[in-house]
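Visitor: okay, sequence plus prediction incoming.
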Amino acid sequence: MFADLLSPNRETWPILAAVVLLAIVGSRLRAYSKLRHIPGPRWTGVSEIPHIRAFLSERCCNWYTTVSETHGPIARVGPNTVLTSSAEFWESVNVKPGYRRSKWFYNAARFDWRRDNVFTMIDTEQHDARRKMMAPGYSGRENLELERDVDKCVAKMVHLVGSYADKRGNNTFDLANKLQFLTLDVIGLVGFGKSFGLLDVDADPHEFVRSTEAGLRRINKLMALGLSWTNRVPFVGPSAELDAEKATGFEKMLTISSDIVGEREKVFQKNLQEESDGGSSKPMKERADMLASFMRNGLFGDELKTESLLQIVAGSDTTAGALRGTMLYLMSHPRVYRALQAEIDAAVRDGKAPNATKSVSVDELEEEDSIISYAQTKSLPYLQAVVREGIRVFPPLTDPFARDVQPGGDTVVIDGKEVFLPGGVSVIPSWTAMHRDRKLYGADADLFRPERWLETQEPDADRLRAMRRTNDLMFGHGKYTCLGKPVALIEIHKTIFELMRHFEWGLVNPLKPWDAASLMGLWSIKHMYVQASRRVPSGA
Ligand code: HEM
């Protein structure tokens, strides 16, 4: 009989087929039994196909929102995966010691098969040690040039938009594209001490934008098909080896960043040597920026290059997404648009913001104090509320950022009910559902209404605190909190203030304001055509 099965004939084929079928059914039933107590869309208990299809549609976030609305704050989206819109639970997932990042998502985000960066590190001790070396550089503490660098780029952005506003004839332009130039230039200057110069030439000669989108699309597919592990396979996974021949794309980005980092490291090491030989303390005289801080904290060589490249990937699409979303909602909500401009004009009149309205040349705009300072933006409550509301109604992150439940499993309380999660199950945040939770934000949670951040006083102080905590989750939590949060917040507040102070905005096609795809948890947005015209602030 056994010998017959090894060399099947007409009679043994059906037996073989039945055994295979039974094995498949058995494995699916075992998979189903794991999360059968958690509701979810049909087939998700036994198959990954619905989730894979959602990833490949490049609108997975929409599916997540529907699933959360239909099945509640914890829902099953695959035989081993749950989705949560509970802010409290997601917060706890990020601080409980046994939970760790899920390989299937974070491995896909690797851009070199040889090494991880701080974002892709699964091992928590390794992650914590690397993060410690980098945190001072990302904060303003050891990065004294941070705000000034952002100012230079925002000034160039205002100048570029002004050049379109002054154009005769068709003066429309793709705001999504210009905002990406801005965020890339900021990362270049803040992270490497050298801007990529995209705003200067109003072009992307090395095709950074196109290549980033293509790279994200590729890894989105890898992740969807369960092939993230290939990113760790020697010579199969992506490589950070330089190909000097490549004049464009990700390789060019790599060459440019690698050259700058290499140069800076040489100077740093030389100064360090002189210092230890008894010379002056030159390393401290270096540009006090992110790179210098990383090196002062012991990050060198390939690790330094990898982490520097991570800034570009982690910091450009995210911040550009937040800016695009907020500008779109402002343009489509005239009441909010006018209220923000009224606060901006009053701030300029009352001396709470620099009066730069007459200065239109880029040199003048770059002059000290022509761009609102970050400290000044904090005295503008409506602007603060607009920024919070912008990332709430249009979360700049879309998909996974998954975590694995601790090996022994965990019993969690969601909406007052105890739920057991077996060890190794992946937990995914449902960003939009979490940030539009009606119980927390009220019946109008879907509406762009910045006032909600201002009107909640006693006896609702607790609710306001909960709203802020939930909103802050957009930048991660605990030891995974976004390292670039200070950079992003400085950039977003300043940019929204200056774009709304200097220009009136209109959408070219309100029926289809942009083309958007969700790739690896980030928005890839283009074709956001707008018209901007110069404005004279009231009372100026
Ligand atoms: C609106 C803009 C941004 C948003 C919404 C955002 C969001 C996030 C989130 C949610 C995480 C945590 C990921 C996780 O839980 O695994 C994160 C991590 C990170 N972000 Fe951001 N980010 C933004 C801008 C930036 C910028 C501008 C930079 C760089 C200058 C940056 C650099 C990083 C880095 C290096 C990490 C990894 C931190 C770690 O693993 O310890 N981000 N970001």
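Guide: That came in fine, so what should we check first? Values in this document were obtained by computation on a predicted structure and should not be read as measured data. Numbers count the residues shown, from 1 in each chain.
Visitor: contacts and neighbour counts: CA atoms only from here.
Guide: OK.
Visitor: just checking, next helix/strand downstream of the lowest-mean-pLDDT helix or strand in the chain?
Guide: Lowest mean confidence among the helices and strands of the chain (mean pLDDT, DSSP states H and E): helix 2-6, at a mean of 55. Per DSSP states H and E, the first helix or strand lying C-terminal to helix 2-6 is helix 12-34.
Visitor: what's in contact with the helix or strand following that following helix?
Guide: Downstream of helix 12-34, the first helix or strand assigned by DSSP H and E is helix 49-56. With contact meaning Cα atoms under 8 Å, 6 or more residues apart in numbering, helix 49-56 is reached by 43-44, 60, 63, 77-78, 220-221, 224-225.
Visitor: out of those, who's the most crowded?
Guide: With neighbours defined as other Cα atoms under 10 Å, the most crowded of the contacts of helix 49-56 is residue 77; it has 31 neighbours.
Visitor: list the contacts of that one.
Guide: 40-41, 44-45, 48, 50-51, 83.
Visitor: quick revisit: tell me which of the contacts of helix 49-56 is nearest to residue 472?
Guide: Closest approach to residue 472 among the contacts of helix 49-56 (Cα to Cα): residue 60, at 22.3 Å.
Visitor: what about the nearest residue to residue 204 once chain neighbours are set aside, how many residues nearby?
Guide: Leaving aside its sequence neighbours, residue 204 sits nearest to residue 198 (Cα to Cα, 6 or more residues apart in numbering; 5.8 Å). For residue 198, the count of nearby residues is 21 (other Cα under 10 Å).
Visitor: does residue 198 really touch residue 186, like I thought?
Guide: No - between residue 198 and residue 186 there is no contact under Cα atoms under 8 Å: 10.2 Å.
Visitor: quick check: residue 304 is in a helix.
Guide: Yes - assessed with DSSP: H, G, I helix; E, B strand; the rest coil, residue 304 lies in a helix.
Visitor: who are the contact partners of it?
Guide: By Cα under 8 Å, 6+ apart, the neighbours of residue 304 are 261, 294-295.
Visitor: how far away is it from residue 347?
Guide: Applying Cα to Cα, to the nearest Å, the value for residue 304 to residue 347 is 42 Å.
Visitor: after the host helix or strand of residue 311, heading C-terminal, what element do we hit next?
Guide: Under the criterion of DSSP H and E, residue 311 resides in helix 301-331. Going down the chain from helix 301-331, the next helix or strand is helix 334-349, by DSSP H and E.
Visitor: which residues in the stretch 101-250 of the chain form helices?
Guide: Taking DSSP state H, counting those that start in this stretch, the helices of the stretch 101-250 of the chain run over residues 103-106, 124-138, 146-165, 175-187, 198-201, 208-224, 249-276.
Visitor: send me the third one as CSV with only the CA atoms.
Guide: As requested, the backbone C-alpha atoms of helix 146-165 are provided in CSV (Å, rounded to 0.1, in the frame of the first residue of the first chain):
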residue,chain,number,x,y,z
LEU,A,146,17.7,72.1,13.0
GLU,A,147,15.2,75.0,13.0
ARG,A,148,17.4,77.3,10.9
ASP,A,149,17.8,74.5,8.3
VAL,A,150,14.0,74.0,8.1
ASP,A,151,13.6,77.8,7.7
LYS,A,152,15.9,77.9,4.7
CYS,A,153,13.8,75.2,2.9
VAL,A,154,10.4,76.7,3.9
ALA,A,155,11.6,80.1,2.5
LYS,A,156,12.6,78.4,-0.8
MET,A,157,9.2,76.7,-0.9
VAL,A,158,7.4,80.1,-0.5
HIS,A,159,9.6,81.5,-3.2
LEU,A,160,8.8,78.6,-5.6
VAL,A,161,5.1,78.9,-5.1
GLY,A,162,5.4,82.7,-5.6
SER,A,163,7.1,82.1,-8.9
TYR,A,164,4.0,80.1,-10.1
ALA,A,165,1.7,82.7,-8.6
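Visitor: residues near the closest residue to residue 221 other than its chain neighbours, how many?
Guide: Excluding its sequence neighbours, the residue lying closest to residue 221 (Cα to Cα, 6+ apart) is residue 56, at 6.5 Å. Residues contacting residue 56 under the criterion other Cα under 10 Å number 18.
Visitor: cool, and residue 444?
Guide: So residue 444, with other Cα under 10 Å, has 12 neighbours.
Visitor: ok, which residues in the stretch 301-450 of the chain are in contact with the ligand?
Guide: 311, 314-315, 318-319, 322, 396, 401 (Cα under 6 Å from any ligand atom).
Visitor: output the residues you listed as a markdown table; include the columns pLDDT and neighbour count.
Guide: Below are these laid out as a markdown table (pLDDT from 0 to 100; neighbours: other Cα atoms under 10 Å):
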| residue | pLDDT | neighbour count |
| --- | --- | --- |
| 311 | 87 | 20 |
| 314 | 88 | 16 |
| 315 | 90 | 20 |
| 318 | 96 | 21 |
| 319 | 97 | 25 |
| 322 | 98 | 24 |
| 396 | 96 | 27 |
| 401 | 92 | 18 |
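Visitor: any regions of the stretch 351-500 of the chain where pLDDT drops low?
Guide: Filtered on pLDDT under 70, the stretch 351-500 of the chain yields the residue ranges 357-369, 457-459.
Visitor: what do you get if the cut-off is 80, keeping everything else the same?
Guide: 356-369, 399, 456-459 (pLDDT under 80).
Visitor: need the helices for it, in chain order.
Guide: 362-366, 374-377, 381-393, 431-435, 438-441, 461-472, 485-502.
Visitor: that older thread, just the pLDDT at the residue nearest to residue 221, thanks.
Guide: On pLDDT, residue 56 comes in at 96.
Visitor: and the residue lying closest to residue 500 once chain neighbours are set aside, how many neighbours?
Guide: Nearest residue to residue 500, sequence neighbours excluded (Cα to Cα, 6+ apart): residue 341, at 6.4 Å. Residues lying near residue 341 (other Cα under 10 Å) number 21.
Visitor: residue 166 too?
Guide: There are 12 residues near residue 166, going by other Cα under 10 Å.
Visitor: nearest spatial neighbour of the residue nearest the centre of the chain, skipping sequence neighbours?
Guide: Note on the chain: the residue nearest the mean C-alpha position is residue 318, at 3.4 Å, using Cα atoms, centre = their mean. Excluding the flanking residues, the one nearest residue 318 by Cα to Cα, 6+ apart is residue 396, at 5.6 Å.
Visitor: isn't the one you found right next to residue 321, touching?
Guide: Yes - taking contacts as Cα under 8 Å, residue 396 lies within contact range of residue 321: 5.0 Å.
Visitor: near the ligand, which residues of the chain show up?
Guide: 118-119, 131, 311, 314-315, 318-319, 322, 396, 401, 474-476, 480-485, 487-488.
Visitor: what comes up buried for stretch 486-502?
Guide: The neighbour-count check on stretch 486-502 (16 or more other Cα atoms under 10 Å) flags 487-488, 490-502 as buried.
Visitor: same check, this time on stretch 339-355
Guide: For stretch 339-355, the neighbour count (16+ other Cα under 10 Å) marks 340-341, 343-349, 352-355 as buried.
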